[in-house]
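Trainee: Whatever this is, show me its structure:
(one chain, ligands or ions: 1)
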Amino acid sequence: MTSSTPALAYDNPLDSLLAGYACGVLSAPLHTLVASHLAISPKNRSFVANLEAANGIALTEAEAEPIRGRDERLAAIFASDDEHIVAPQRPAPSSILPTPLSRYLGCGLDDVPWRMLLPGVKEFRVEGDMRAGATLYWIRAGRKMPAHTHEGAEVTLVLKGAFSDVAGRYERGDIAIGDDDLDHCPTADRSEDCICFAVTDAPLRLTGPVGRIIQRLLG
Ligand code: ZN
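Mentor: Numbering: from 1, shown residues only. Take a look at the predicted model:
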């Protein structure tokens with residue numbers, strides 16, 4: 001994606017993003033975006049689950065030495081309490097903000113401190129980390145975002161309604177990925193307000209030991 005060429009290069013940038021999620025190398029906003037996508041949409045769950053399983057096998061194979069006292073540590077974990085057993089959580093279908101996103105924001109949709117960007121478009125800029133910035137947008141039905149380009153990557157998850165731009169149309173649960181070649185003007189469907197979560201300038205670099213392991217598995 002853009003100048004930060006990922007060490008793991010898929011033809012499809014979405015697959016690269018999902019692979020980054022599966023091996024845990026994404027920034028917090030991007031990790032939240034992908035977790036939210038998986039919570040809303042079943043489309044890529046099996047792909048990510050397979051990558052996660054492959055990653056687990058690779059990490060096990062890569063262990064140069066056995067972890068000392070592993071059995072004792074595991075026994076202690078399971079003996080302590082049930083907190084460590086986390087059941088997969090799926091939001092209710094009617095929930096606009098999936099659980100990973102509302103956890104990240106620290107609030108529900110009703111409590112988001114919106115700021116008007118222009119008539120018909122509200123935003124809430126979430127404090128990003130060192131690698132990425134994140135913004136929640138609310139675009140009124142039929143409204144357009146100002147046309148813009150990006151200096152880096154922009155990854156957008158649709159949470160409600162749908163929007164269209166030169167690259168296509170995206171509905172709830174879809175992820176749109178734009179890079180610095182994209183000059184676009186996202187427009188909400190006329191029938192419904194559109195709410196999106198967008199993460200910008202987040203280089204995806206699968207380098208280092210984990211990236212190499214994944215690349216070997218998939219190469
Ligand atoms: Zn954009």
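
Trainee: Go ahead and confirm D189 touches G161.
Mentor: Yes. Contact criterion Cβ atoms under 8 Å: D189 and G161 qualify, at 5.7 Å. C-beta: built from backbone N, CA, C; applies to glycine.

Trainee: Looking only at neighbour counts, state which of these two leads.
Mentor: G161 (22 against 16; other Cβ atoms under 10 Å).

Trainee: which residues does that one contact?
Mentor: Shown in contact with G161 (Cβ atoms under 8 Å, 6 or more residues apart in numbering): 139, 141, 171-172, 188-189, 191-195.

Trainee: In helices only, show me those.
Mentor: Among the contacts of G161, no member is found in helices (DSSP state H).

Trainee: between those residues, which is closest to A28?
Mentor: I195 (20.1 Å; Cβ to Cβ).

Trainee: Can you tell me the closest non-neighbouring residue to the closest one?
Mentor: Nearest-residue entry for I195: K160, 4.0 Å, with adjacent residues in sequence omitted and distances by Cβ to Cβ, 6 or more residues apart in numbering.

Trainee: Next one: that neighbour from P29, what distance?
Mentor: Per Cβ to Cβ, to the nearest Å, K160 is found 19 Å from P29.

Trainee: The two: who's more crowded?
Mentor: Ranked by neighbour count (other Cβ under 10 Å), K160 and P29 place P29 first, with 24 against 17.

Trainee: From the contacts of G161, which land in strands?
Mentor: Among these, the members falling in strands (DSSP state E) are 139, 171, 188, 194-195.

Trainee: hmm, back to that, ok, now which ones touch the residue nearest to I195?
Mentor: With Cβ under 8 Å, 6+ apart, K160 has these contacts: 96, 172, 192-195.

Trainee: All the strands of the protein, in order from the start?
Mentor: For the chain, applying DSSP E gives strands covering 115-118, 121-126, 133-139, 154-160, 162-165, 168-171, 175-178, 187-188, 194-200.

Trainee: okay if I get those strands as a markdown table plus mean pLDDT and distance to I40?
Mentor: Formatted as a markdown table, the strands of the chain follow (pLDDT from 0 to 100; distance: least, Cβ to Cβ, whole Å):
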| stretch | mean pLDDT | distance to I40 |
| --- | --- | --- |
| strand 115-118 | 87 | 24 |
| strand 121-126 | 91 | 18 |
| strand 133-139 | 92 | 15 |
| strand 154-160 | 95 | 8 |
| strand 162-165 | 96 | 13 |
| strand 168-171 | 96 | 10 |
| strand 175-178 | 92 | 10 |
| strand 187-188 | 96 | 18 |
| strand 194-200 | 94 | 11 |
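
Trainee: What ranges does the chain have for its helices?
Mentor: Secondary structure of the chain (DSSP H): helices at 13-22, 28-40, 45-62, 70-80, 99-105, 208-218.
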